[in-house]
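Trainee: what follows is a predicted protein model with its sequence.
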Amino acid sequence: MHLSKQTIIAHRGVHDHGTPENSLAAFQRAIDMDAEGLELDVQLANHRLVLKHDINEEETANLPTFQEFLNLIKASKYHGFLLIELKGSEGAQELYQQCRRLH
């Protein structure tokens, strides 16, 4: 992959017009707009890796999982780069293992 001097990175996806940040819809919009990279925030919540920047325990049930994000990437045949920010140290091993399975 060649990166130009000016690289377009969709920070938490494209989340305007009511599309929530770090949602599967926001990342699909970024892919559809040919973003060169996707930045996402991942946290461990209730023993699941979920996409969220700031998290409250009561809202974790409806959050997209990292595995759902990977499924979207595979299905869309996205070839850009991923910039994954792990919030906190918990979940690092699981995140690493799921990323390895991506290839």
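Mentor: Nice, thanks for sending it over.
Trainee: quick check: bridge partners of the most centrally placed residue in the chain?
Mentor: Note on the chain: the residue nearest the mean C-alpha position is L40, at 3.9 Å, using C-alpha atoms, centre = their mean. On the basis of DSSP bridges, L40 takes part in beta bridges with I84.
Trainee: repeat for the one 4 residues further on
Mentor: When bridges are assigned using DSSP bridges, the partners listed for L44 are L49.
Trainee: please, where are all the strands along the chain?
Mentor: Ranges of strands within the chain are 9-11, 37-45, 48-51, 81-86, based on DSSP state E.
Trainee: E68: which of those is closest?
Mentor: Set against E68 and scored by C-beta to C-beta, the strands of the chain come closest in strand 48-51, at 8.2 Å. Where C-beta positions appear, they are placed from N, C-alpha and C, glycine not excepted.
Trainee: next, the buried residues of that closest one.
Mentor: Using 16 or more other C-beta atoms under 10 Å as the test for burial, strand 48-51 gives L49, V50, L51.
Trainee: so N22 touches D54, yeah?
Mentor: No: N22 lies out of contact with D54 (C-beta atoms under 8 Å); the separation is 10.1 Å.
Trainee: quick one, which of those two is more surrounded?
Mentor: N22 (22 against 8; other C-beta atoms under 10 Å).
Trainee: what residue, apart from its backbone neighbours, is nearest the more buried one spatially?
Mentor: Once flanking residues are discounted, N22 sits nearest to L51: 4.2 Å by C-beta to C-beta, 6 or more residues apart in numbering.
Trainee: if we can go back for a sec, quick one: the residue nearest to the centre of the chain from K87, how far?
Mentor: Distance, L40 to K87, by C-beta to C-beta, to the nearest Å: 10 Å.
Trainee: now C99
Mentor: Counting by C-beta to C-beta, the gap from C99 to K87 is 16 Å.
Trainee: which residues touch Q98?
Mentor: With contact set as C-beta atoms under 8 Å, 6 or more residues apart in numbering, Q98 has these partners: L49, F66, Q67, L70.
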